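**Q** have a look at this prediction, sequence included:
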Amino acid sequence: MEQSLVSALTAHYDSSFEGPNGDYPAIVETIAGLSAQQAAWKPSPESNSIWQIVEHLVASKEWQIEMIEKGHATSPVWIQPPGDEESWQALISRLKDAHARLKTVVQKLRDEELLSVPDPELNRTLMELLLSSGPAHEAHHGGQIDYLRGLQRT
Amino acid sequence: MEQNATLATFYENWKLYQDHLKEAIAPLTPEQLALRAAPGLRTVGEIAAHVFRARVQWFTGFLGEQGGDAIQIPRRDEPVRDAAELVRGLDRSWELIADALARWSSEDMQKTFPEEWRGKHYDLPRSWVVWHILEHDLLHGGEISLLLGMHGLTAPEM
């Protein structure tokens, strides 16, 4: 039997991450062609760079995998990027790899599992946790990446 | 599985985000609404107006929902006058969405609507449009969050 919630959730993951969405870019589109220098740029010392946001998205995907597999997970942290091209390209590879692994884990779920509450302390269904930490979270940060790119073009 | 409960699970966090967005916009002065990160990029007020303009256009113009006429939407070239106008727009457009989400069944969500984009034909399910607008809210909410944070103002959280 088709798992309709799992299918819809997977489609949302792809929409936010890969697009195309027509009116706005997906994550992969926002970082396409960016150099390490552009990724590490900040509009002000207290702002996050695109690099930091992408690191945060990788950590968030790892968080979701852990939450699905273990029922609890450690919150992602923000890091200071090294800044060189090799590290930036490695980060993009890690982002895509984490997305693929996360999708594989999500696609093995059953709809009933998505409506369960994995961590009583959080008191939210797995579906809510994944939607808010996954596609919704990525769309929010995708807007920031796109705006930071726009800022560098002006 | 109960269909409406499933839909509610799917979209209830959208309302929380809408509330965060309103809380961030409501206290802003006209000068703060006019803040932009750089020339050529939208101001805080323009982004917020764009958020509810897109909601209304997709839900009424594309999906055919009623009620959009009562919502005052600033033109693209028109400056946003005050935060109350934006909060009202966010509220009214949210009512349009919430009313539709409460009414639509899972079958309704599968109904498709034709669209031509870049020379290609698409039959877009209603569920795609709903997600598209939710994602659009989040993306531009992220921009507002960045922009307000850059100017030392309270930003909407995820």
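**A** Yes, it's here. Numbers count the residues shown, from 1 in each chain, chains lettered A, B, ... in the order given.
**Q** only C-alpha atoms for contact and neighbour calcs from this point on.
**A** Noted.
**Q** would the helix or strand A:S87 falls within count as contacting chain B?
**A** Taking DSSP states H and E as the criterion, A:S87 maps to helix A:85-107. No. Using Cα under 8 Å from any Cα of the partner chain, helix A:85-107 stays clear of chain B, coming no nearer than 15.6 Å.
**Q** show me what counts as buried in that helix.
**A** A:W88, A:L91, A:I92, A:R94, A:L95, A:A98, A:H99, A:L102, A:K103, A:V106 (16 or more other Cα atoms under 10 Å in any protein chain shown).
**Q** again, but for stretch B:101-112
**A** B:L101, B:W104, B:M109, B:T112.
**Q** so what would you say the end-to-end distance of it is?
**A** Chord length of stretch B:101-112, first to last residue, is 16 Å (Cα to Cα, to the nearest Å).
**Q** still on that earlier bit, need the buried residues of helix A:85-107 in a markdown table (columns: pLDDT).
**A** Listed next are the buried residues of helix A:85-107 as a markdown table, based on pLDDT from 0 to 100:
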| residue | pLDDT |
| --- | --- |
| A:W88 | 97 |
| A:L91 | 97 |
| A:I92 | 97 |
| A:R94 | 97 |
| A:L95 | 97 |
| A:A98 | 97 |
| A:H99 | 97 |
| A:L102 | 97 |
| A:K103 | 96 |
| A:V106 | 95 |
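**Q** from those, pick the one nearest chain B.
**A** A:V106 (15.6 Å; Cα to the nearest Cα).
**Q** circling back to that earlier point, inside helices: which ones of the buried residues of stretch B:101-112?
**A** Judged by DSSP state H, the subset of the buried residues of stretch B:101-112 located in helices is B:L101, B:M109.
**Q** what's the closest of the buried residues of stretch B:101-112 to A:A11?
**A** Looking at those and their distance to A:A11, the nearest is B:M109, at 14.4 Å (Cα to Cα).
**Q** return the residues in contact with the closest one.
**A** Residues near B:M109 by Cα atoms under 8 Å, 6 or more residues apart in numbering or on different chains: B:P125, B:R126, B:S127.
**Q** run through the bridge partners of the first one.
**A** What it means is B:P125. B:T112 (DSSP bridges).
**Q** so B:I47 is in contact with B:G142, correct?
**A** No. In this structure, B:I47 is not within contact of B:G142 by Cα atoms under 8 Å, at 10.3 Å.
**Q** how about the residues of chain A by chain B?
**A** Looking at chain B, the residues of chain A close enough under Cα under 8 Å from any Cα are A:12, A:16, A:21-22, A:24, A:43-44, A:47, A:127-128, A:131-132, A:136-137, A:139-144, A:147, A:150-151, A:154.
**Q** among those, name the buried ones.
**A** Buried among those (16+ other Cα under 10 Å): A:12, A:16, A:24, A:127-128, A:131-132, A:136-137, A:139-144, A:147, A:151.
**Q** one step back: could you tell me how far the helix holding A:S87 lies from the centre of the chain?
**A** Helix A:85-107 sits 9 Å away from the centroid of its parent chain (Cα atoms, centre = their mean, to the nearest Å).
**Q** how about stretch A:53-61?
**A** Per Cα atoms, centre = their mean, the centroid offset for stretch A:53-61 relative to its chain is 6 Å.
**Q** equivalent analysis for stretch A:94-109, please.
**A** 11 Å.
**Q** send the alpha carbons of it over as CSV?
**A** Output of stretch A:94-109 as CSV, limited to C-alpha atoms (Å, rounded to 0.1, in the frame of the first residue of the first chain):
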residue,chain,number,x,y,z
ARG,A,94,28.5,16.2,2.4
LEU,A,95,25.2,18.2,2.0
LYS,A,96,24.1,16.2,-1.0
ASP,A,97,25.2,12.9,0.6
ALA,A,98,23.3,13.7,3.8
HIS,A,99,20.2,14.6,1.8
ALA,A,100,20.4,11.3,-0.1
ARG,A,101,20.8,9.3,3.2
LEU,A,102,18.0,11.2,4.9
LYS,A,103,15.6,10.4,2.0
THR,A,104,16.5,6.8,2.1
VAL,A,105,15.7,6.6,5.8
VAL,A,106,12.5,8.6,5.4
GLN,A,107,11.3,6.4,2.5
LYS,A,108,11.6,3.3,4.8
LEU,A,109,9.1,4.8,7.3
